[in-house]
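S.K.: Requesting a structural model of the entry that follows:
(one chain, ligands or ions: 2)
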Amino acid sequence: MNEFFPNIPEIRFEGKDSKNPLAFKYYDAKKVIMGKTMEEHLNFAMAWWHNLCANGVDMFGAGTADKSFGAIPGTMEHAKAKVDAGIEFMKKLGIKYYCFHDADICPEDPEDINETNRRLDEITDYILEKTKGTDIKCLWATCNMFSNPRFMNGAASSNSADVWCFAAAQVKKGLENAVKLGAKGYVFWGGREGYETLLNTDMKLEQENIATLFSLARDYGRKIGFTGDFYIEPKPKEPMKHQYDFDAATAIGFLRKNGLDKDFRMNIEANHATLAGHTFQHELRVCAVEDMMGSVDANMGDTLLGWDTDQFPTNVYDTTMAMYEILKAGGLRGGLNFDSKNRRPSNTPEDMFYAFISGMDAFALGLIKAAEIIEDGRIDAFVKDRYSSYSDGIGKKIRDRSITLEEAAAHAAELKKPASPGSGRQEYLETVVNNILFS
Ligand code: XUL
Ligand code: CO
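M.R.: Numbering: from 1, shown residues only. Ligands and ions are numbered 1, 2, ... in the order given. You can find the predicted model right below:
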């Protein structure tokens with residue numbers, strides 16, 4: 001078989017003192033941390049779309065990277081070359097999972113959905129054949145219901161019932177592909193599910209139609225043997241001015257309202273969190289509190305830019321805080337999918353490897369440091385102590401919900417004035433984190 005990355009060896013762990021750019025400094029797959037190997041904690045995945053499809057094209061210029069893999073783009077031969085290149089890439093990095101949209105794995109037929117589905121059958125057969133005997137599996141599948149012009153007014157939120165049916169048909173096939181490839185999850189990211197102006201929008205109808213599609217997808221998925229998690233991937237805007245799955249709290253409320261919360265969880269993307277005005281850690285904490293932790297799209301944004309830059313995550317403070325939330329919530333049911341792309345000028349095959357090494361090492365180091373913060377115990381002990389007034393007496397009654405408003409008021413009257421609730425000690429706590437990070 002053709003080798004697509006002949007100059008790249010298998011990437012191995014060499015430790016933090018290594019200067020080899022094609023080696024892991026922190027990611028040591030079999031190293032055990034808090035009872036599980038790094039590999040089991042992190043479940044890294046490759047996003048088909050960024051890694052095998054995106055060539056650096058942007059609104060101002062053409063592609064800069066060659067992702068033809070020796071074939072003519074837009075052909076089934078090219079689709080198959082991407083499978084072969086992707087498997088070689090994952091094997092060289094020791095990545096066991098991939099994520100994809102239907103449109104990433106083979107070209108859509110512009111005239112006939114039946115031909116598109118035939119191509120999907122052909123390419124999923126090919127993926128199964130080529131991954132047989134390897135430990136490469138699908139983390140999650142999804143459908144691209146945002147690029148084709150038919151989705152310009154939305155997919156499940158479209159004003160057109162015919163378009164709604166096309167979205168439903170894609171989801172049906174997407175679920176069949178997910179089952180065929182043994183995917184652990186199925187993602188809904190509502191890129192066009194939102195609005196540009198309320199002047200032309202029936203928000204209630206649109207949201208009800210989205211809920212109908214989600215319910216039908218859940219029922220059909222369970223009927224054909226999909227036992228994994230459905231995920232909503234929240235994002236507040238881009239491409240739409242306003243997207244309905246604004247953030248985790250909004251999406252969870254929507255799921256509960258529509259009786260979908262037993263089958264759906266969250267797929268949290270770092271750069272989407274920041275677009276919503278939250279930190280990545282905030283979104284993960286909301287999931288932990290609501291028992292909705294699912295999977296993660298690992299990337300980072302740029303604080304000076306207001307859009308989804310999908311950069312490979314290298315900010316170790318953020319990866320540490322993310323892994324702290326994930327560890328405390330008992331881990332991810334899904335994994336860490338690098339929904340990340342190289343910067344446009346980083347356009348060589350080596351850059352594809354450097355990028356993944358940087359992201360995998362940043363999360364590995366984040367995992368190590370998060371475990372150290374938990375084992376150190378100072379942060380947890382501080383938080384526990386901060387709320388200690390609820391462990392007994394009047395506080396315990398509040399926690400048990402056995403207090404009345406009259407009783408609380410009588411307590412206040414007796415005290416006349418409460419004692420200071422105590423310092424938040426933020427700067428001290430930040431020093432604890434820095435001390436652990438840089439020791
Ligand atoms: C877009 C985005 C998508 C989803 C899958 O911002 O993150 O790629 O992850 O559709
Ligand atoms: Co994403």
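
S.K.: number of nearby residues for the closest residue to ligand 2 within the stretch 301-439 of the chain?
M.R.: Relative to ligand 2, the nearest point of the stretch 301-439 of the chain is Asp339 (3.7 Å; Cβ to the ion). Just so you know, the C-beta spots here come from the backbone N, C-alpha and C atoms, and that holds for glycine as well. By the criterion of other Cβ atoms under 10 Å, Asp339 has 23 neighbours.

S.K.: who are the neighbours in contact with the residue positioned nearest the centre of the chain?
M.R.: What sits nearest the mean C-alpha location of the chain, by Cα atoms, centre = their mean, is Asp297, with 2.3 Å. Contact analysis of Asp297 by Cβ atoms under 8 Å, 6 or more residues apart in numbering lists Ala47, Glu233, Asn267, Ile268, Glu269, Ala270, His272, Asn337, Asp339.

S.K.: Name whatever forms a beta bridge with it.
M.R.: Glu269, Asn337 (DSSP bridges).

S.K.: What's the per-residue pLDDT of it here?
M.R.: Model confidence at Asp297, given as pLDDT, is 99.

S.K.: repeat for Asn2
M.R.: 83.

S.K.: now His278
M.R.: According to the prediction, His278 has pLDDT 98.

S.K.: how near is it to ligand 1?
M.R.: 15 Å (Cβ to the nearest ligand atom, to the nearest Å).

S.K.: Would you mind listing what in the stretch 301-439 of the chain touches ligand 2?
M.R.: Neighbours of ligand 2 within the stretch 301-439 of the chain, by Cβ under 5 Å from the ion: Asp339.

S.K.: mind checking the SS state of Asn177?
M.R.: helix (DSSP: H, G, I helix; E, B strand; the rest coil).

S.K.: Now for it: which residues touch it?
M.R.: Counted by Cβ under 8 Å, 6+ apart, Asn177 has contacts Asp102, Leu120, Thr124, Ala141, Ala183.

S.K.: Who are the contact partners of the nearest residue to Thr303 once chain neighbours are set aside?
M.R.: Spatially, and ignoring its direct neighbours in sequence, Thr303 is nearest to Thr274 (7.7 Å; Cβ to Cβ, 6 or more residues apart in numbering). Residues near Thr274 by Cβ under 8 Å, 6+ apart: Phe280, Gly301, Thr303.

S.K.: And His50, by the same measure?
M.R.: Counted by Cβ under 8 Å, 6+ apart, His50 has contacts Asp310, Phe338, Asp339, Ser340, Lys341.

S.K.: Relative to Asn43, how far out is the first one?
M.R.: If I follow you right, that is Asp310. For Asp310, the distance to Asn43 equals 19 Å [Cβ to Cβ, to the nearest Å].

S.K.: Also the last one?
M.R.: Shown here: Lys341 relative to Asn43, a distance of 20 Å by Cβ to Cβ.

S.K.: What ranges does the stretch 201-350 of the chain have for its helices?
M.R.: 203-223, 248-257, 270-275, 280-289, 316-328, 349-376 (DSSP state H, counting those that start in this stretch).

S.K.: ok, and which of the ones you listed has the densest surroundings?
M.R.: helix 270-275 (a mean of 25; mean count of other Cβ atoms under 10 Å).

S.K.: what mean pLDDT would you report for it?
M.R.: 98.

S.K.: Kindly report the same for stretch 200-212.
M.R.: Computed over stretch 200-212, the mean pLDDT rounds to 99.

S.K.: Could you do stretch 58-66 as well?
M.R.: For stretch 58-66, mean pLDDT rounds to 97.

S.K.: if we can go back for a sec, can you flag which of the contacts of His50 belong to strands?
M.R.: Mapping the contacts of His50 onto strands (DSSP state E) picks out Phe338.

S.K.: can you put the contacts of His50 in TSV and add pLDDT?
M.R.: Below are the contacts of His50 laid out as TSV (pLDDT from 0 to 100):
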residue	pLDDT
Asp310	98
Phe338	99
Asp339	98
Ser340	98
Lys341	98
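
S.K.: How about the contacts made by the closest residue to ligand 1 within the stretch 51-200 of the chain?
M.R.: Nearest to ligand 1 in the stretch 51-200 of the chain, going by Cβ to the nearest ligand atom, is Trp189, at a distance of 3.6 Å. Contact partners of Trp189, counting by Cβ under 8 Å, 6+ apart, are Thr142, Phe146, Ile232, Glu233, Lys235, Asp245, Asn267.
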